[in-house]
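Engineer: Provide a 3D model corresponding to the input given below.
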Amino acid sequence: MSVQDGPGTPEAPITGAVARAARSSRRLLERDSEIVAAQTALDELVGRPEGGATPGETPRGRLLAFTGPAGAGKTTVVTEVRSMAVRRGCTVLFGRGGEREQNAAFHVVQQLFRPLLTSYPERERAELLGDRFGIVGPCVGLCPAQDGVAPDPPGVRDGLDRVLANIAVQRGPLVVVIDDVHWADAESLAWVASFASRVQEYPVLLIVAYRPDALPAEGADLAEAVGRSRVRPFDLAPLSSAAVTTLMKEALGAEADQEFCHEAWVVTGGNPFETVELAAKARDRGMVPSQEQAPLLRNMAATTRGSGVLERLEPLGINAVRLAWAAALLGAEASMGLAASVSALTPEAALAAAKRLRKARILKADGGERTLEFTHPLIAEAVYRAIPAAIRVALHGKVAWELIDSGRGPTAAARHLLETHPEDDHRVVQQLRYAARELLRTGAPDAARRCLIRALQEPPSREERAMVLYELGHPALVQDPAARVGHLREALAEPALDPELREGVVLRLALALGYGGRPGEALEVVEQEAAATADPAMALRLHAQRFLVGVFSTLDEAEAPARSQELKRLTERLTGRNRTERCLLALRGWDAVMRGEPAETALDHAERAVARGMGWTDDENWGFEAPSVAALTFLACDRPDRARALLTEGIAEFERHGWRGAPLAVSYTFLGYTEYRTGRLADAEDFARAGLSLAERVGRGAPVHWDAVGALTEILLARGRIDAAEELSERYGFTEPFPPAVTVPDARTVRGRLLLARGMAKEAAECLSDNGRRLDISGSHNPVWSAWLSQYALATHAADPERARELGQETLRRAVRFGTETAVGQALHVAARLTEGAEAVGLLERAVAQLEQSPSAYDLACVEVDLGVALRRAGRLSEAAEYLYRGVERAIRCGADSLAVRARDELAAAGLPPRPLTGES
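Structural biologist: Alright, predicted model coming up:
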């Protein structure tokens, strides 16, 4: 659709982006608005004052999208924009989706990053990638994936974002151009969509082109990001009759008849690709562009697409046909040497065939002798679909083994093996399993799953079938949880299963069922295997898995006390000598916390669990769960520094290995809850919001999402931001039915606290009462982990004061049994709120004394303010002033804004002036 500028064309006296667009638009017809938008975006990126950017200021990123049907000219537009960016001194990264490469993980990502990164000196490349080299290097094709802990997909995507940001700083201004996004592989498309949603955070211009009707479901997030963009997507319209006339006259001469040109517009529908092809074909045939010749255009236009391409291809000879087939099948891998080998041609014959294909405008004329690239994706698509099915399948197989034999590896061959028919070939199974392992280590679990599914269809031998099924149950393969469970059950049913493999299958199956909301089935599987095994070590590992499922699931509450007693007996003689024993000790410590046993008991088990170290990522079956519950045990037992150290260690380990999913979300959420417990509410909110942001990527409804919403709600309530807490609750549906899983903090208790803060005591009492019955039956009596009893007492106080005081006394009894200063101090505070006068003052004084020995600064600030209020009302103004001043200072330091306001109001009501914080001038 290129049109050269004619001689003597006048140039309007315009400047800026519009002037540059006008100069570019001479090459493109009816695309002025698209070019102006691109020029404006480039102006902003490079800091031109006319683009609105302040010189020296880091520009905000922008997203431009060009959409339209096949042949609408998207590639031509983005090619022009790329040229514009290069002329402006920008670094341009380019990639293109390919219909044949959609099963090749990170194909587009590699096109974008690898050419630039391989051009860097080794030292500079290492500095650019930093600690992300092991995460990003394999997916961009710089190095093979290493054995060990594999990154998860969010971790890989975040790593790519960081590398892109570093490139923008070192080599900016940076423009990223991706054509034919609708054909991008799933892994690349997921990254593009993720990056597009926050491109404004980076000094990068992102340009995408795609067919909206061909965008797969995985591209929904990209379409949403495009819809939110500052600039609407440019849907490329068909060319007008005048534009088609211009193109025909450029190709056939200015004397081309108007009726002839109009007929060209009618038969092409103004499609730019078809128009250019039609004009070239008419020129090659020496057609006279007259009115009499116009009826011939319809049949001629049909040969530019679909079966018409074959009519152009077949006369070129069998060698050209075979080479075209090979190029279409290879896609981006279509080097001359490989294509010649696949098509069984000598180098000389292949070169001659390529020359004919270029002359016929099937291959690009400027592609170079050693590369084979079609002039348009529509032609490549037509050629591929024209290959007879049986030949196509055979050729894919031939390509796969050519790639393997040439050292390209099983991952490169995998997309071709996926296209072959099952033939009971153990070599195919082996190569697909190798590819799956490498893809998992690269952070492409969905691609790995496709390879294993195909391996299962081959089929594998009886000996290998169980291994393939076991590999299909890998925890990273979460796309279809029900299928994952099914594969593992099939593996378990295989005859004569190796004992070690059987244990691995059972552990994976229990994990899949437990996290899939089927804890009862998980327990049944583990219990059956534990009872059947004669290996004590294996039995202990199975018991550990069983209790791990139980600690995070709301199973039959009536059976929970018996399970706790069994866990207690099982851990009495354990020393923590191996991973299994440390896991069980950590679970026993947390179970002691939930049951409200003395804190010393819980701490003893937690200390023994962590004494020899607890890795967070080195065991797929109980990796992050065991150290997480150890951290929570320390937190509940007034050892927040130990909890903070453990969680910080976990976060660092997750970041190092590229884990950006549920484990990292849990750790940030629990770290936020730790800071909340210690009265650092601003930090607590930041960490909880980070946890919620990560949990959003895991998916709403997941336990980690409930944890994050609950923790943030409780923190907002502590800061006095009741409206914000309510808005958060409504946005995420934080209400019944709550998930069948243990949440930290307890979701129903947080909901009751929110209702109570809104003055809805009756509704709060109903929520808390139902929750309390469930927790009491299960033996969960800890007043710190689940403060349902204290909140229930407060909710029922107005309606039944005597009952409320009884509940308050029971809360205090449980707190004394648990024995931490925080638990007792909180319980005394609640008891004081349920009475009045001198008794209330005495209880509050005792609460202050307890909490001064605890790490719970926010709780102490609350009690100090309440004690100051009680003393003022008792006429003891001097003592009231002391506690109100202390309370307001501590509240401000904690970030409890509404508590500080309340304390200052009380000071004003008492006629006492405010005073500066300690350390203020």
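Engineer: and the pLDDT at residue 430?
Structural biologist: With respect to pLDDT, residue 430 scores 96.
Engineer: revised request: answer the last question for residue 4.
Structural biologist: Residue 4 is assigned a pLDDT of 29 by the prediction.
Engineer: same check on residue 630?
Structural biologist: Residue 630 is given a pLDDT of 96.
Engineer: setting aside sequence neighbours, what's the nearest residue to it?
Structural biologist: Nearest non-adjacent residue to residue 630, counting by Cβ to Cβ, 6 or more residues apart in numbering: residue 586, 4.3 Å away. Where you see a C-beta, it was placed from the backbone N, CA and C, and this is true even at glycine.
Engineer: so how far is residue 730 from that neighbour?
Structural biologist: Distance, residue 586 to residue 730, by Cβ to Cβ, to the nearest Å: 36 Å.
Engineer: and for residue 851?
Structural biologist: Counting by Cβ to Cβ - residue 851 and residue 730 are separated by 33 Å.
Engineer: same check on residue 678?
Structural biologist: From residue 678 to residue 730 the distance is 29 Å (Cβ to Cβ).
Engineer: lowest average confidence, helix or strand, in the protein?
Structural biologist: Within the chain, no helix or strand scores below helix 16-25, which has a mean of 42 by mean pLDDT, DSSP states H and E.
Engineer: avg pLDDT for the helix or strand containing residue 685?
Structural biologist: Using DSSP states H and E, residue 685 sits within helix 681-698. Here helix 681-698 scores 95 as its mean pLDDT.
Engineer: mind giving me the packing neighbours of that helix?
Structural biologist: Contacts defined by 3 or more Cβ pairs under 8 Å, 6 or more residues apart in numbering; DSSP states H and E place helix 681-698 against helix 662-677, helix 703-718.
Engineer: buried stuff in it?
Structural biologist: Residues of helix 681-698 classed as buried: 681, 683-692, 694-695, 697-698 (neighbour count, 16 or more other Cβ atoms under 10 Å).
Engineer: related to what we said a few turns ago, so which of residue 678 and residue 730 has more stuff around it?
Structural biologist: The neighbour comparison of residue 678 against residue 730 (other Cβ atoms under 10 Å) goes to residue 678, with 24 against 10.
Engineer: helix, strand or coil: sort out the residue of the chain most remote from its centre for me.
Structural biologist: In the chain, the residue that sits farthest from the middle, by Cα atoms, centre = their mean, is residue 292; the gap is 60.8 Å. Classification of residue 292 using DSSP: H, G, I helix; E, B strand; the rest coil returns coil.
Engineer: and it, backbone torsions?
Structural biologist: phi -70, psi -30 (degrees, to the nearest 10).
Engineer: gap between it and residue 263?
Structural biologist: Here residue 292 is placed at a distance of 11 Å from residue 263 (Cβ to Cβ).
Engineer: and residue 558, by the same measure?
Structural biologist: Distance from residue 558 to residue 263, by Cβ to Cβ: 83 Å.
Engineer: which of those two has more neighbours?
Structural biologist: For residue 558 and residue 263, the more surrounded residue by other Cβ under 10 Å is residue 263, and the numbers stand at 21 against 10.
Engineer: can you tell me the helix or strand for that one?
Structural biologist: With DSSP H and E as criterion, residue 263 is part of helix 258-268.
Engineer: how far off centre is that helix?
Structural biologist: 50 Å (Cα atoms, centre = their mean, to the nearest Å).
Engineer: any idea which residue sits dead centre in the chain?
Structural biologist: The C-alpha lying nearest the average C-alpha coordinate of the chain belongs to residue 154 (Cα atoms, centre = their mean; 3.8 Å).
Engineer: and the closest residue to residue 386 other than its chain neighbours, what helix or strand is that in?
Structural biologist: Closest residue to residue 386 apart from its sequence neighbours, by Cβ to Cβ, 6+ apart: residue 310 at 5.2 Å. Take DSSP H and E as the rule and residue 310 turns out to sit in helix 307-313.
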